[in-house]
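Student: here is a sequence together with a model predicted from it:
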Amino acid sequence: MAAHHSIRIAVGGGDTDKPLSLQKRLRLLQDHMTLSGAKILDCGCGAGAYLLAFLELGADAYGIEYSVDKVSQYQSRGLHTDRVNQGDLEKIHYPSNTFDLALLNEVLEHVPDDGRALSEIFRVLKPGGYLALFSPNRLYPFETHGITLRCCRLKLPPCFPFIPYVPLAIGRRLFDFHARNYFGQDLCRLLDQAGFQVRYRTWLWQTFENISGQQPAIIRWLRPIFRGIANCLERCPGLRRFGVSQVLLCQKP
C-alpha cells in the first residue's frame, strides 16, 4: 500500500492553541526536555500562542508561519513582534545548526512536500537538537480534517467514522483529502529518510475543544463526559495507540 505522505496537499491548517490542548502538549515537552534557555523554532506557529508560552518558560523562541493572516494576527498582539516571520517550511530562511528544538505541532500533514520540510528542519537544528512532532494518527477511527467525496463534491464532516481505515489505493479514487493522516510506520520512515532518530513515542487523545470548528452539537453538550473517557483511554497502554495524535521526539545525531 502506498504511503499517505505521497498525497499532495495544499497548504492549510488550523491552530491547536485551545487552553487544554496547549497545556497538555507543553507539559509533555517539559517532561522530556528543558525548555528554559533553549533556542526553539515553532514551525507553523499560527498566531503564536505556543511561541508566547515558550517565552514565558524562559526559552529563546522564534516562529515561522506560511499564512500572512496568521502572522498579522500575531503581530497585532504587539508582543515580541520580531520573533515571527512569514515563511515556507520547505525553504526555511534560518542558517544551518541554529536551534536546539523545533516544534511541528499538527503542521506536517498540511505541508505540500513533507519530506522536504523535514529535511529543512533537520538542517536548521544543531547536532543533538530535537524535533517534537505532533501529527494525526491514522489508527484513530475518524478523519479529523474531513474529506470531500469526488463523485458529488460532498464534504464529509470530521465526525464521519472509519475513513482512515480505507486503503489509500481506494481512498485516492473516492476522496479528496484535506490533509494527510499517517500510520506510525510511514511517519517513522519519513523521519529516518530526513536523518532523524526517534527517541520517544506516545499518543494523545483529544480535549474536545472544537479545534476543527466543526464539532457536532451533541459532543459540545457532553464534553465533560467525553473528556473523562479520553483521559482514561490516554492512560491505557494498549488503547492509547488509537488517540487522535501521535507524538514523536526525534534527535538530530
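Tutor: That came through fine.
Student: center of the protein, which residue is that?
Tutor: Centroid-nearest residue in the chain, with C-alpha atoms, centre = their mean: E106, separated by 1.3 Å.
Student: so it sits against P136, correct?
Tutor: Yes. E106 lies in contact with P136 (C-beta atoms under 8 Å); the separation is 7.3 Å. (Glycine included, C-beta is placed from N, CA and C.)
Student: what touches both of the two?
Tutor: Each of S245 lies in contact with both E106 and P136 under the rule C-beta atoms under 8 Å, 6 or more residues apart in numbering.
Student: circling back to that earlier point, phi first, then psi, for the residue nearest to the centre of the chain.
Tutor: Backbone torsions of E106, given as degrees, to the nearest 10, read phi 60, psi 50.
Student: please enumerate the strands of the stretch 51-200 of the chain.
Tutor: 60-65, 84-86, 99-105, 125-136, 147-149, 154-156, 175-177, 197-204 (DSSP state E, counting those that start in this stretch).
Student: and L28, how many residues sit next to it?
Tutor: Using other C-beta atoms under 10 Å, the number of residues around L28 comes to 17.
Student: now name the helix or strand holding it.
Tutor: Per DSSP states H and E: L28 is located in helix 19-32.
Student: can you give the contact residues for that helix?
Tutor: 16, 35, 49-50, 53, 57, 103, 105, 132, 134, 200, 202, 204, 206-207, 209, 211, 227, 247, 249.
Student: picking that back up, redo the strands of the stretch 51-200 of the chain as TSV? Include distance to Y74 and mean neighbour count.
Tutor: Below are those laid out as TSV (distance: least, C-beta to C-beta, whole Å; neighbours: other C-beta atoms under 10 Å):
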stretch	distance to Y74	mean neighbour count
strand 60-65	7	23
strand 84-86	5	18
strand 99-105	15	24
strand 125-136	20	20
strand 147-149	30	17
strand 154-156	29	11
strand 175-177	28	18
strand 197-204	25	15
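Student: any idea which of those gets closest to I219?
Tutor: Among these, the nearest to I219 by C-beta to C-beta is strand 154-156 (16.1 Å).
Student: tell me which other helices or strands that closest one touches.
Tutor: Counting contacts by 3 or more C-beta pairs under 8 Å, 6 or more residues apart in numbering; DSSP states H and E, strand 154-156 is packed against strand 147-149.
Student: what's in contact with the strand it packs on?
Tutor: 154-156, 160, 163, 174-178.
Student: what about stretch 228-244, how long is it end to end?
Tutor: 15 Å (C-alpha to C-alpha, to the nearest Å).
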